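**Q** the sequence isn't on hand, but the structure is:
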């Protein structure tokens, strides 16, 4: 009886060793995001994910609450890490931070969604906007 249990355990371990974990991928991202407001900031834009040589367009929307004055447009470029296919870029991303742009400054941000996807983005801001706000953005594939 004991041998049957040992054999069953060995079989389960062998089968577990045969399964291969899914691999996370890294893609390239470009986003144009326009934001404006006074106290409550609202913004939106469009972007594209390039993964395995294929382009996946998406929309971006967001809102922040806190100290926000002015308007700016940021052209972000960067990487999307921990992708499990293009659809994993969708979702709400948490944004916590402070930043500002006057005339043509540079901005950078790192965001993460519930799927574990991390966006590392940077790019120039055009406009006059200062913020110290908490908010988030939502990405949806087109």
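**A** Yep, that arrived. All of these numbers come straight from a predicted model, not from anything done at the bench.
**Q** can you give me phi and psi for residue 87?
**A** Dihedral angles of residue 87 (phi, psi; degrees, to the nearest 10) stand at phi -70, psi -20.
**Q** do you know how far the nearest residue to it once chain neighbours are set aside is from residue 84?
**A** In space, and not counting its chain neighbours, residue 87 is closest to residue 141: 6.6 Å by Cβ to Cβ, 6 or more residues apart in numbering. No exception for glycine: its C-beta is placed from N, CA and C like everyone else's. According to Cβ to Cβ, to the nearest Å, residue 141 and residue 84 sit 14 Å apart.
**Q** touching, the residue nearest to residue 87 and residue 85? I think so.
**A** No - look at residue 141 against residue 85 with Cβ atoms under 8 Å: they stay out of range, at 10.7 Å.
**Q** this protein: strands as residue ranges?
**A** Counting by DSSP state E, the chain has strands at residues 25-51, 54-83, 91-113, 118-141.
**Q** compute the inter-axis angle for the longest one and strand 25-51.
**A** It stands for strand 54-83. Angle, strand 54-83 to strand 25-51, by axes from the mean of the first three to the mean of the last three Cα atoms, to 10 degrees: 160 degrees.
**Q** average pLDDT across strand 54-83?
**A** For strand 54-83, mean pLDDT is 83.
**Q** would you point out the helix or strand in the chain whose mean pLDDT is lowest?
**A** helix 2-18 (a mean of 39; mean pLDDT, DSSP states H and E).
**Q** tell me what the residue nearest to residue 87 is bridged to.
**A** Beta-bridge pairing for residue 141 (DSSP bridges): residue 58.
**Q** distance of it relative to residue 27?
**A** Distance of residue 141 to residue 27, computed by Cβ to Cβ: 12 Å.
**Q** equivalent analysis for residue 120, please.
**A** Residue 120 sits 11 Å away from residue 27, taking Cβ to Cβ as the criterion.
**Q** joint contacts of the two?
**A** Common neighbours of residue 120 and residue 27 (criterion: Cβ atoms under 8 Å, 6 or more residues apart in numbering): residue 79.
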